[in-house]
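Chemist: below are the sequence and a predicted model; questions follow.
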Amino acid sequence: MTAFQNEAVIRWLTHPPEGMPRMTVGSGAMTPALPVEFNPGAAHPLATSPGELLAGAIGTTFAWFAAHELLQAGHQAHELIAEVTVSAATDDGDIANLTLSAISCTLRGRVPAIDQGQLEAVSKAAIERCVECFRLRPDGLRVHADATLEGH
């Protein structure tokens, strides 16, 4: 078994929950520190949100699983684009009770010697692996994946 550990540090130095926290990652790829906006109704043009970060984490994993599935089937993609939307909701409007309610993934690919149906199957297998990998509970979570084969 291969284990991975990745790090992120959130520094919230301005009287939490006021102000805006900053996030860095262990690789140092986000410099200066990335501002994080927790209020989903107040988009800040220079900040990301936990939902966007979650969509990014799921999206990169989804794309990696799709690329791996294609290689296992003997197809090397020329290009893969994963578009991911995560949705969350609260029953009472209180952000402290936020629950992930849906994940929608679209895979667009330029993959020689493959048909649309095969790419759709790869997309569905990749999202199933994401749900399993992140140990998401599929009950109450709508998960959708589709694919579009583009010219190669």
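Modeler: Okay, I see it. Residues are numbered from 1 along each chain as shown.

Chemist: any low-confidence regions in this protein?
Modeler: Flagging of the chain using pLDDT under 70 yields the residue ranges 1-4, 14-17, 40-43, 152.

Chemist: which residues of it fall in strands?
Modeler: Along the chain, counting by DSSP state E, strands occupy 8-11, 22-25, 34-35, 79-89, 99-110, 142-149.

Chemist: quick one: list the elements packing against the second one.
Modeler: Using 3 or more C-beta pairs under 8 Å, 6 or more residues apart in numbering; DSSP states H and E as the contact definition, the elements that strand 22-25 packs against are strand 8-11, strand 34-35. For every residue, glycine as well, the C-beta is placed using N, CA and C.

Chemist: so where's the longest helix in the chain?
Modeler: helix 50-72 (DSSP state H).

Chemist: next, the angle from it to strand 142-149.
Modeler: 50 degrees (axes from the mean of the first three to the mean of the last three C-alpha atoms, to 10 degrees).

Chemist: follow-up on the earlier one: would you mind finding the most buried of the helices and strands packed on strand 22-25?
Modeler: Of all these, strand 34-35 carries the top mean neighbour count, a mean of 16, counting by mean count of other C-beta atoms under 10 Å.

Chemist: how distant is that strand from the center of its chain?
Modeler: 18 Å (C-alpha atoms, centre = their mean, to the nearest Å).

Chemist: paired strands for it, with orientation please.
Modeler: strand 22-25 (antiparallel) (DSSP bridges).

Chemist: helices or strands up against the longest helix of the chain?
Modeler: strand 79-89, strand 99-110, helix 116-133.

Chemist: okay, the angle between the second one and helix 50-72?
Modeler: Spelled out, it's strand 99-110. 40 degrees.

Chemist: buried ones in strand 99-110?
Modeler: Under the neighbour-count criterion of 16 or more other C-beta atoms under 10 Å, strand 99-110 has 100, 103-109 buried.

Chemist: who does the closest residue to D146 other than its chain neighbours bridge with?
Modeler: Leaving aside its chain neighbours, D146 sits nearest to T106 (5.6 Å; criterion: C-beta to C-beta, 6 or more residues apart in numbering). With DSSP bridges as the criterion, T106 is bridged to E83, D146.
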